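>>> Provided below are the primary sequence and the corresponding predicted coordinates.
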Amino acid sequence: MNALSNFAINDKWPARHPDRIQLYSLPTPNGVKVSIMLEETGLPYEPHLVSFDTNDQMSPEFLSLNPNNKIPAIIDPNGPGGQPLPLFESGAILLYLAEKTGKFIPVDPAARYQVIQWVMFQMGGVGPMFGQLGFFHRFAGKEYEDKRPRERYVNESKRLLGVMDKRLAENKWLAGDEYSIADIATFPWIRNLVGFYEAGELVGFKDFPHVARALEAFVARPAVARGLNIPARG
Ligand SMILES: N[C@@H](CCC(=O)N[C@@H](CS)C(=O)NCC(=O)O)C(=O)O
């Protein structure tokens with residue numbers, strides 16, 4: 001018996017190190033936010049691959065942790081009050097890990113809310129809009145005759161890139177001069193937009209040089225390079 005034995009997800013993905021944070025994920029732009037954060041903080045953790053090929057995210061064990069059937073999700077066996085803490089939604093997980101370690105979020109309240117503001121900007125804007133653009137440009141949606149939805153998400157993605165470019169013209173990172181969870185939340189999505197989605201030309205990525213400069217600095221971080229491939233695909 002250990003703190004994880006009471007979680008059904010442990011039946012499908014048994015913990016070999018139940019004292020460590022358990023990560024249930026896949027290296028997608030939302031998934032790698034958490035593996036990058038775990039690599040950056042140095043917290044001990046155990047990754048488990050949730051394969052979409054076998055619809056693992058729809059299994060009763062996964063749904064018992066995240067009823068919204070989305071990766072990433074975690075269990076911290078040593079959460080607040082020493083009790084296990086299950087958590088889903090990448091933004092909530094990033095905030096939790098930042099508060100747990102005191103890393104990548106400032107203590108000063110005003111600076112702290114700057115970071116939270118840019119995390120929310122990613123969660124409510126960048127992720128959903130870029131994700132829709134990917135659907136209409138690269139996946140099933142590209143066959144749709146009506147091109148208006150695709151156009152809408154292209155325009156919205158360009159607009160968001162413009163907001164970030166302006167910000168990054170005056171700041172090294174999104175929330176200011178310090179690298180933070182706002183960057184960990186956002187740059188995997190920008191990398192995905194120009195990489196996997198092959199939408200760089202479509203959104204005129206060359207018009208956003210400050211975003212490109214920060215993306216380059218982000219992917220050059222060793223913890224980012226590691227986190228981008230965790231959990232390893234089977
Ligand atoms: N708002 C969620 C979004 C998570 C999300 O969309 N995850 C995708 C992969 S990037 C997923 O699990 N999709 C599986 C499905 O929809 O069945 C978060 O940030 O954690």
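Sure thing, it's come through. Numbering: from 1, shown residues only.
>>> Show me which residues of the protein sit near the ligand.
Thr28, Pro29, Asn30, Gln57, Asn69, Lys70, Ile71, Pro72, Glu89, Ser90, Gly91 (C-beta under 6 Å from any ligand atom). In this view, the C-beta of every residue, glycine as well, is placed from N, C-alpha and C.
>>> Go again with 5 Å.
Residues of the chain lying near the ligand by C-beta under 5 Å from any ligand atom: Thr28, Asn30, Gln57, Asn69, Lys70, Ile71, Glu89, Ser90.
>>> With adjacent residues omitted, what lies nearest to the fourth one?
Leaving aside its sequence neighbours, Asn69 sits nearest to Gln57 (C-beta to C-beta, 6 or more residues apart in numbering; 4.7 Å).
>>> returning to that earlier point: which of the residues of the chain next to the ligand has the most neighbours?
For these, the largest neighbour count, defined by other C-beta atoms under 10 Å, is 29 neighbours, found at Ser90.
>>> for it, phi and psi?
Per-residue torsions, Ser90: phi -60, psi -40 (degrees, to the nearest 10).
>>> With Ile181 as the reference, measure out to it.
10 Å (C-beta to C-beta, to the nearest Å).
>>> Can you tell me which of the residues of the chain next to the ligand end up in helices?
Of these, the ones assigned to helices by DSSP state H are Ser90.
>>> okay if I get the residues of the chain next to the ligand as TSV plus distance to Phe121?
Shown next, in TSV, are these (distance: C-beta to C-beta, whole Å):
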residue	distance to Phe121
Thr28	20
Asn30	15
Gln57	26
Asn69	25
Lys70	19
Ile71	21
Glu89	15
Ser90	14
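>>> and which of the residues of the chain next to the ligand is nearest Gly42?
Ser90 (19.3 Å; C-beta to C-beta).
>>> list the contacts for that closest one?
By C-beta atoms under 8 Å, 6 or more residues apart in numbering, the contact list for Ser90 reads Asn30, Gly31, Lys33, Val34, Pro72, Met123, Ala185.
>>> try 7 Å this time
Residues in contact with Ser90, defined by C-beta atoms under 7 Å, 6 or more residues apart in numbering, are Asn30, Lys33, Val34, Pro72, Ala185.
>>> Can you name the next helix or strand after the lengthiest helix in the chain?
Assignment by DSSP H gives helix 148-170 as the longest helix of the chain. Remark: after helix 148-170, the chain's next helix or strand is helix 181-194, criterion DSSP states H and E.
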